[in-house]
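Turn this into a model:
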Amino acid sequence: MIVSLDYFLKRVKRNIFNMKPLKILFLLMVMPLMTAATLHKYYVSVTEIEYVKEKKSVQIISRIFVDDLEAVLRKRYDKRLYLTPKKESKEVNGVLQRYFKEKFQIKINGESTDYTYIGKEYDNDIVFCYFEIKNIEHIDSFEVTNKLLFEMFDDQKNVVKTNINSQPQSFILISQNDKGLLNFD
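Below is the predicted model:
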């Protein structure tokens, strides 16, 4: 039996108005609790790392939800910090660089590397952060430590996708296991 939307809404209204006030009050109190129990926000970042052999360059793109990154930067550095194109704080780029240097490290062939912050851009509720490591002749081993947002969210997951030496790999880093190591023979 197909029921029209109008018919369905009329039945719902009729049933609600025929209920006793105590039942309505109970529903109004219980429904938000049931809804809150089913809603769950996921805390995840995605970082893509690619070695471009022709350019001797490792290119890094990290995607993070704006509100999550803004919350952690405010907590760590400045409560008045804003990550929005219209209202962005002047010190955002410096703070972003500092935060990434503290929480995101890369070792190539067993040596710590220094990456350059290229910039960022916003796409709706995600911020894309761009980095580059130059003058990389070859990669025999690649280690990444990604602790982004772990101090803010217990269930944070940092997905790392790599394409190094034409070998795509990916792994998920959590606070109990924040390092990934790849060896290329």
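
how about residue 74, phi and psi?
Dihedral pair for residue 74: phi -60, psi -40, per degrees, to the nearest 10.

do residue 76 as well
Residue 76 has phi and psi values of phi -80, psi -40 when expressed as degrees, to the nearest 10.

Could you do residue 109 as well?
The phi/psi pair for residue 109 (degrees, to the nearest 10) is phi 60, psi 40.

do the one 4 residues further on as well
The phi and psi values for residue 113, taken as degrees, to the nearest 10, are phi -120, psi 160.

Looking at strand pairing, list the partners for the residue positioned nearest the centre of the chain.
The centroid of the chain falls nearest to residue 45 when counting by Cα atoms, centre = their mean (2.6 Å). Beta-bridge partners of residue 45, counted by DSSP bridges, are residue 64, residue 158.

Give me the pLDDT for it.
Note on residue 45: pLDDT of 94.

How about residue 174?
93.

circling back: pretty sure the residue nearest to the centre of the chain is in contact with residue 158, am I right?
Yes: between residue 45 and residue 158 there is a contact under Cβ atoms under 8 Å: 5.0 Å. All C-beta atoms are positioned from the backbone trio N, CA, C, and that covers glycine.

quick one: common contacting residues for the two?
Listed contacts common to residue 45 and residue 158 are 146, 148-149; contacts here mean Cβ atoms under 8 Å, 6 or more residues apart in numbering.
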